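Trainee: Below are the sequence and a predicted model; questions follow.
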Protein chains: 2
Amino acid sequence: MKPPNTLANKSLADFKVGVDNVIFSVDTQLNRLLVLLIKRREEPFSNYWSLPGTLVRNGESLETAAYRILAEKISVNNLYLEQLYTFGSPEGDSPAAAESFGKRYLSVSYFALVRFEEAKLITERDYNITWYMIDKVPDLAFNHGQILAYGWRRLRNKVEYSPVAFEVLPELFTLNDLYQFYETILGKNFSDYSNFRNRLLKLGFLKDMGLKVSRGAGRPASLYRFDEKAFAPFKDQPLVFV
Amino acid sequence: MKPPNTLANKSLADFKVGVDNVIFSVDTQLNRLLVLLIKRREEPFSNYWSLPGTLVRNGESLETAAYRILAEKISVNNLYLEQLYTFGSPEGDSPAAAESFGKRYLSVSYFALVRFEEAKLITERDYNITWYMIDKVPDLAFNHGQILAYGWRRLRNKVEYSPVAFEVLPELFTLNDLYQFYETILGKNFSDYSNFRNRLLKLGFLKDMGLKVSRGAGRPASLYRFDEKAFAPFKDQPLVFV
DNA sequence: ACAAAAGTGTTCACGGTACACCCATGA
DNA sequence: TCATGGGTGTACCGTGAACACTTTTGT
């Protein structure tokens, strides 16, 4: 990043910076991977669905803006958030770009995973807001389809070698809960269930709490907790899960 | 990315956008991993070393700006380039930020790998420019130390599961060249040499050209070519190399 | 003939895969 | 007592790690 060069400044572009979030959640009951979409009520792309986004305000960092979007749309306590990618074609993709001469828009996208069960949607006037099943998402406004695809890929990768799952699962969970979680993100039969069990238990960062929970018929399941300290050696090591 | 909302625009931040490049190259002769640094001659951080960067101009995309930096500093034909991360703390990290009231700077960083042998440095008036050995890099201007660390991590990851090496190695290379390349990036003894050979050859995307090259004493080595088509099945598959 | 570098082969142990099987509970 | 889901055990195969060995050149 260079300091302003007063001589050459004339040709430099001025930007407004937008932040767009790809917010995922996993409905473990119905085995559904969901993404949060908002129906636009303004031109351009009026009546199209879009990713929740905002423009960055004075005194606000990118990440703060990303959290603000979240807070404005849903209320959650448990979440994971990271930066995805920055899109910035010259003279934006929107027809409105022409009228705002010399103003460019740049979009920094973030990827978030939230706990579905506790996420309450905040409905605003003029906005429709919904969890969309990932495989039912329609054409989106702007380049949001591209961003979503990118975020989805990142989610799948992330889940394989990082313990994001535990940021979003309840404190105590059964091994089956965990398996379901991976299954809905990575697809059915991503791994044999019993091998999944054995591998994870052998790694030793899942602590058996000695509690049982019974869900309808069948033998009751043990509840486990994720032990952050015991996981430490597996940081930066590929393919821990799956 | 939202369209301009004329009512609320007052509180929105205006940005200049900088692009900073982490440009790596591998000196296979001396087994050195190098990064391109530039000595600043202006405040702030005058006389500090920094990553090559620029501010984005009107009508220029982020990626174009990244390529422009490269073209201004070195001349290369073979390179790999991808976006790294976007930094954008409010009211920048530089002392100069205060004087430019209301202007914010945002830095989009790119990561590049170029072929060392063909990269010619373009010396400019007022600038010192050098290839620095990665483990000898001094404190850098702004947050460039952080960006470099980030880029270095990305380089190591990238190299393990993607064929970037072949973007930067000569058309024809020996298996030892390839091994050296990985060794200087991932560290000595990242793998047993003969196992490295066997694994890569078994995968079948290295074609033996039937040519031999002799380098001083010892048995002459076969020259290989990277076969892009034969590599296709290994796309999106983790840990092909190493 | 010897050193140096390229290339081949062999052994061993571990870990993933695919199953079959046992256990505890509700209905 | 049967169905349902939880949990354990085992046999096999592939593959990676370690290392010894052979081949071809320069000097």
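Mentor: Looks like it arrived, so ask away.
Trainee: What's the first helix or strand after the longest helix anywhere in chain A?
Mentor: The longest helix of chain A (DSSP state H) is helix A:144-161. Going down the chain from helix A:144-161, the next helix or strand is helix A:165-168, by DSSP states H and E.
Trainee: Could you check how far that following helix is from the centre of its chain?
Mentor: Per Cα atoms, centre = their mean, to the nearest Å, the displacement of helix A:165-168 from the mean C-alpha position of its chain is 12 Å.
Trainee: Contacts for that helix, please.
Mentor: By Cβ atoms under 8 Å, 6 or more residues apart in numbering or on different chains, the residues outside helix A:165-168 that reach it are A:25-26, A:78-80, A:113-115, A:159, A:178, A:181-182, A:226, A:241. From N, CA and C alone the C-beta is placed, and that goes for glycine too.
Trainee: Quick one: mean pLDDT for it?
Mentor: Here helix A:165-168 scores 94 as its mean pLDDT.
Trainee: For that helix, buried residues please.
Mentor: A:165, A:166, A:168 (16 or more other Cβ atoms under 10 Å in any protein chain shown).
Trainee: Then stretch A:55-74?
Mentor: By 16+ other Cβ under 10 Å, the buried positions in stretch A:55-74 come out as A:55-57, A:60, A:62-63, A:65-70, A:73-74.
Trainee: Now distance to DNA strand D too, for those residues, in a markdown table please.
Mentor: Shown next, in a markdown table, are the buried residues of stretch A:55-74 (distance: Cβ to the nearest atom of the strand, whole Å):
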| residue | distance to DNA strand D |
| --- | --- |
| A:55 | 46 |
| A:56 | 45 |
| A:57 | 47 |
| A:60 | 45 |
| A:62 | 39 |
| A:63 | 38 |
| A:65 | 41 |
| A:66 | 36 |
| A:67 | 35 |
| A:68 | 39 |
| A:69 | 36 |
| A:70 | 32 |
| A:73 | 33 |
| A:74 | 29 |
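Trainee: ok, residue A:189 to DNA strand D distance?
Mentor: 15 Å (Cβ to the nearest atom of the strand, to the nearest Å).
Trainee: my guess is residue A:21 contacts residue A:67, does it?
Mentor: No: using Cβ atoms under 8 Å, residue A:21 is not in contact with residue A:67; the gap is 9.4 Å.
Trainee: re the thing from before, for chain B, tell me which of the buried residues of stretch A:55-74 show up nearby.
Mentor: Contacts with chain B within the buried residues of stretch A:55-74, counted by Cβ under 8 Å from any Cβ of the partner chain: A:55, A:56, A:57, A:60, A:62.
Trainee: Looks to me like the fourth one is in a helix.
Mentor: No: assigned with DSSP: H, G, I helix; E, B strand; the rest coil, residue A:60 falls outside any helix and is coil.
Trainee: biggest strand in chain A by residues?
Mentor: In terms of residue count, the longest strand belonging to chain A (DSSP state E) is strand A:14-27.
Trainee: So which bits of that one are buried?
Mentor: Those would be A:15, A:16, A:17, A:18, A:19, A:20, A:21, A:22, A:23, A:24, A:25, A:26, for strand A:14-27 by 16+ other Cβ under 10 Å.
Trainee: Report pLDDT for the last one.
Mentor: This means residue A:26. For residue A:26, pLDDT reads 95.
Trainee: hmm, the longest strand of chain A touching chain B?
Mentor: Yes: interface with chain B: strand A:14-27 contributes A:14, A:15, A:16, A:17, A:18, A:20 (Cβ under 8 Å from any Cβ).
Trainee: if we can go back for a sec, kindly reformat the ones next to chain B among the buried residues of stretch A:55-74 as a markdown table containing distance to residue B:211 and pLDDT.
Mentor: Listed next are these as a markdown table, based on distance: Cβ to Cβ, whole Å; pLDDT from 0 to 100:
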| residue | distance to residue B:211 | pLDDT |
| --- | --- | --- |
| A:55 | 58 | 94 |
| A:56 | 56 | 94 |
| A:57 | 62 | 91 |
| A:60 | 59 | 90 |
| A:62 | 52 | 95 |
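Trainee: Kindly indicate which of the residues you listed lies nearest residue B:215.
Mentor: Set against residue B:215, the nearest of these by Cβ to Cβ is residue A:62 (50.1 Å).
Trainee: mind checking how far that closest one is from residue A:84?
Mentor: 11 Å (Cβ to Cβ, to the nearest Å).
Trainee: Columns pLDDT on top of the residues of strand A:14-27 next to chain B, output as TSV?
Mentor: Putting the residues of strand A:14-27 next to chain B into TSV (pLDDT from 0 to 100) gives the following:
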residue	pLDDT
A:14	89
A:15	91
A:16	92
A:17	94
A:18	95
A:20	97
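Trainee: Which two among these are spaced furthest apart?
Mentor: Most distant of these, by Cβ to Cβ, are A:14 and A:20, 20.0 Å apart.
Trainee: give me the low-pLDDT residue ranges for chain A?
Mentor: Residue ranges of chain A with pLDDT under 70: A:1-10, A:90-102, A:126.
Trainee: Would you map the helices across it?
Mentor: A:62-73, A:144-161, A:165-168, A:175-186, A:193-203, A:228-231.
Trainee: want to throw the ones you listed into JSON lines with distance to residue B:172?
Mentor: Formatted as JSON lines, these follow (distance: least, Cβ to Cβ, whole Å):
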{"stretch": "helix A:62-73", "distance to residue B:172": "45"}
{"stretch": "helix A:144-161", "distance to residue B:172": "33"}
{"stretch": "helix A:165-168", "distance to residue B:172": "46"}
{"stretch": "helix A:175-186", "distance to residue B:172": "40"}
{"stretch": "helix A:193-203", "distance to residue B:172": "42"}
{"stretch": "helix A:228-231", "distance to residue B:172": "45"}
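Trainee: Looking at those helices, spot the one closest to DNA strand C.
Mentor: Smallest distance to DNA strand C across the helices of chain A (Cβ to the nearest atom of the strand): 3.6 Å, for helix A:193-203.
Trainee: The closest one near DNA strand C at all?
Mentor: Yes: on the criterion Cβ under 7 Å from any atom of the strand, helix A:193-203 is in touch with DNA strand C at A:194, A:195, A:198, A:199.
Trainee: Highest neighbour count among the residues you listed?
Mentor: residue A:199 (14 neighbours; other Cβ atoms under 10 Å in any protein chain shown).
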